[in-house]
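Engineer: Here is a sequence with its predicted model. Questions after.
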Amino acid sequence: QVQLVESGGGLVQAGGSLRLSCAASGRTFSSYAMGWFRQAPGKEREFVAHISRYGVTTYYANSVKGRFTISRDNAKNTVYLQMNSLKPEDTAVYYCAAQTGEQYDYWGQGTQVTVSS
C-alpha cells in the first residue's frame, strides 16, 4: 500500500512559478516510479511527467517540456514538480501517482493550480 499527499498548489499569475510536492508513505519509496498528472475542468486526466525509482530517467508531456521539472528525494519520500513559465492552460488539479507495477496504481487527492492571465 502507498499513501500520497500533494501540496503546493495555489493561484499564480501567468509567467510565474510553483513547486508541487507529493509526500509518500507505506511501501519503500525507492521501490517504485512516480508520476504527475493533471485534469482541467471538462477534460480528461493527462500525463505530465514521470521519474524512475532513483531519478535516473525522466520524461515529460510535450506541453510542459522545458518548463516543468520532476525530481525526487528518496530520503524524504517526496517527489516534486517545479513548474516555471506557467500559462493559463496549465490550470488544473494536479495529481501525483505511484507506479508499483506496470500501471500507476496509487493516487493522491490532488492539488489545485490556477494560473491567471
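Structural biologist: Structure's in. What do you need?
Engineer: From now on I want contacts and neighbour counts done on CA atoms only, so please keep to that.
Structural biologist: Will do.
Engineer: mind listing what the most centrally placed residue in the chain touches?
Structural biologist: Central residue of the chain (C-alpha atoms, centre = their mean): W36, 2.9 Å from the mean position. By C-alpha atoms under 8 Å, 6 or more residues apart in numbering, the contact set of W36 is 47-50, 81, 94-97.
Engineer: Any chance of a markdown table for those residues, columns pLDDT?
Structural biologist: Formatted as a markdown table, those follow (pLDDT from 0 to 100):
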| residue | pLDDT |
| --- | --- |
| F47 | 98 |
| V48 | 98 |
| A49 | 98 |
| H50 | 98 |
| L81 | 98 |
| Y94 | 98 |
| Y95 | 98 |
| C96 | 98 |
| A97 | 98 |
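Engineer: quick one: which of the residues you listed sit in strands?
Structural biologist: 47-50, 81, 94-97 (DSSP state E).
Engineer: if we can go back for a sec, show me the one in the contacts of W36 that has more neighbours than the rest.
Structural biologist: C96 (30 neighbours; other C-alpha atoms under 10 Å).
Engineer: gap between the closest residue to that one other than its chain neighbours and S21?
Structural biologist: Spatial nearest neighbour of C96, excluding adjacent residues (C-alpha to C-alpha, 6 or more residues apart in numbering): W36 at 4.5 Å. Counting by C-alpha to C-alpha, to the nearest Å, the gap from W36 to S21 is 10 Å.
Engineer: hey, what's in contact with both of these two?
Structural biologist: L81.
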